[in-house]
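quick one, structure for this:
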Amino acid sequence: MATEHTHKTAPKAPARDRLLAAADELFYREGIHTVGIDRIIEHAGVAKASLYNTFGSKDELVGAYLQGRHAHIAARLTQALTRHHTPRSRLLGIFDYQAEQFAEPTYRGCAFASASAEAPAGGTVERAADAYRAWIRSLFTELAAEAGAPEPAVLARQLHFLYDGSGMSARMDRDPTASAAARVVAEALLDAALATRPDPTAAPATPEGPSSTGSPAPRQA
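Okay, here's the model as predicted:
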């Protein structure tokens, strides 16, 4: 008896997932201002109504795209830092993670910086960029504190400058080694910060003047 073979087609991903995947690819590669709605829905293979029913507008889709970028970076960076086993190496490991990003052939700079270039103040893009940058700064601050920096917020701001500059250099100069230079400077800043810590083994300073009991010194005859 002949056996009948049936072939089932794998179900398509939900429209939301396909729209986000298309937005992530096109917005990052070409820019949120260049890519229109028609390009997104064509690339995603969905009807225009699906986009508006799911997100309501292009602005909401852009917001979801940037939130997805934030979550993706946070997950990858957090995972990358598990390879480091001391507070110092975890702090500097952020720049090692950047090196991995820069080496990817699809790297086109910071998605938040690109999206913010022409975005209006106070809008969806600015809010998403602010949230992402606050997260990066808080991560630097937390790791700086764990490494023993006496003023972790100050060191975190300095390291955030390096992080930004490294990304800009990698994109504008097409220099995937930019993070290596940033890491060297980051290490010097960390060492300088740790050198200012008070020595817990140092003897307390001896008070000058009358004895510490408060009794006046005896008068000479």
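
how far out from the middle of the chain is the helix or strand of the chain with the lowest mean pLDDT?
None of the helices or strands of the chain scores lower by mean pLDDT, DSSP states H and E than helix 48-54, at a mean of 92. Offset of helix 48-54 from its chain centre (Cα atoms, centre = their mean, to the nearest Å): 31 Å.

try stretch 133-149
Worked out by Cα atoms, centre = their mean, stretch 133-149 lies 11 Å from the chain centre.

just checking, what packs against the least confident helix or strand of the chain?
Applying 3 or more Cβ pairs under 8 Å, 6 or more residues apart in numbering; DSSP states H and E, we find helix 48-54 packed against helix 15-30, helix 37-44. All C-beta atoms are positioned from the backbone trio N, CA, C, and that covers glycine.

is it possible to get JSON lines of those helices that adds mean pLDDT?
Below are the helices and strands packed on helix 48-54 laid out as JSON lines (pLDDT from 0 to 100):
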{"stretch": "helix 15-30", "mean pLDDT": "95"}
{"stretch": "helix 37-44", "mean pLDDT": "95"}
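
make CSV from the ones you listed and add distance to residue 82 and mean neighbour count to it.
Output for these, formatted as CSV (distance: least, Cβ to Cβ, whole Å; neighbours: other Cβ atoms under 10 Å):
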stretch, distance to residue 82, mean neighbour count
helix 15-30, 25, 18
helix 37-44, 34, 17
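
among those, which is nearest residue 172?
Closest of the helices and strands packed on helix 48-54 to residue 172 is helix 15-30, at 16.4 Å (criterion: Cβ to Cβ).

please save the CA atoms from that closest one in CSV.
The C-alpha trace of helix 15-30 is given here as CSV (Å, rounded to 0.1, in the frame of the first residue of the first chain):
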residue,chain,number,x,y,z
ALA,A,15,3.3,39.9,12.4
ARG,A,16,4.8,41.8,15.3
ASP,A,17,8.0,39.8,15.3
ARG,A,18,8.4,40.1,11.5
LEU,A,19,7.8,43.8,11.7
LEU,A,20,10.4,44.2,14.5
ALA,A,21,12.9,42.1,12.7
ALA,A,22,12.5,44.1,9.5
ALA,A,23,12.7,47.4,11.4
ASP,A,24,15.8,46.2,13.3
GLU,A,25,17.6,45.4,10.1
LEU,A,26,16.6,48.3,8.0
PHE,A,27,16.5,51.1,10.6
TYR,A,28,20.0,50.1,11.8
ARG,A,29,21.5,49.7,8.4
GLU,A,30,19.9,52.7,6.7
